[in-house]
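[1] got a sequence here, can you build the structure:
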Amino acid sequence: MKQRIYIDTSVVGGYFDEEFEEPTRQLFERLEKQEVIFVVSDLLDLELTFAPEKVKQLLHRYSPENFERINLTQEAIELANTYITEKVVGKTSLEDCRHIALATINKVDVLASWNFKHIVNLERIKGYNSVNLRNGYQMLEIRSPKDLLRYEND
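    Below you'll find the model as predicted:
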């Protein structure tokens, strides 16, 4: 069974960012080799609307069967709002919360992000998962793309 990796907008942008480029491209190589499936949401599509053209077009380079598409639902909106009311993050992080909620509800194997302030952050991860467990959801693995690379045995 292929690993299902939810990617947020920072991962797509990271492909062209000098700081994050190498591990991001290696993660996309895993996608190309069909080792993983990227779970992408309509929220990602919406956020990419305002991105530079090369960022917008990146996902179109890959075969559609490498992706699982999901949509923002009322359930995800409510869970995202709960993260905010429980003060895991502030109101300005609503879109980040919606990504977390979508990944949680769709039971992905891991959410990948380069957002260290609001997503890939130990205190925040504990907060999201605390809310998830109290509301009957499973815990969500949250990692940077760097943590999702394959290393050959020496």
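
[2] would you map the helices across this structure?
    9-14, 21-32, 42-48, 53-57, 74-85, 94-105, 122-134 (DSSP state H).

[3] let's have the ones you listed in JSON lines, adding distance to Arg143, mean neighbour count and mean pLDDT.
    C-beta: built from backbone N, CA, C; applies to glycine. Formatted as JSON lines, those follow (distance: least, CB to CB, whole Å; neighbours: other CB atoms under 10 Å; pLDDT from 0 to 100):
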{"stretch": "helix 9-14", "distance to Arg143": "11", "mean neighbour count": "23", "mean pLDDT": "97"}
{"stretch": "helix 21-32", "distance to Arg143": "10", "mean neighbour count": "18", "mean pLDDT": "97"}
{"stretch": "helix 42-48", "distance to Arg143": "17", "mean neighbour count": "16", "mean pLDDT": "96"}
{"stretch": "helix 53-57", "distance to Arg143": "21", "mean neighbour count": "12", "mean pLDDT": "95"}
{"stretch": "helix 74-85", "distance to Arg143": "18", "mean neighbour count": "16", "mean pLDDT": "98"}
{"stretch": "helix 94-105", "distance to Arg143": "11", "mean neighbour count": "24", "mean pLDDT": "98"}
{"stretch": "helix 122-134", "distance to Arg143": "9", "mean neighbour count": "16", "mean pLDDT": "98"}
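
[4] now the ones you listed in CSV, with distance to Ala112?
    Formatted as CSV, these follow (distance: least, CB to CB, whole Å):
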stretch, distance to Ala112
helix 9-14, 5
helix 21-32, 7
helix 42-48, 12
helix 53-57, 16
helix 74-85, 18
helix 94-105, 9
helix 122-134, 13
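
[5] which one of those helices lies nearest to Leu140?
    helix 94-105 (4.9 Å; CB to CB).

[6] other SSEs contacting that closest one?
    strand 3-7, strand 36-41, helix 42-48, helix 74-85, strand 110-112, helix 122-134 (3 or more CB pairs under 8 Å, 6 or more residues apart in numbering; DSSP states H and E).
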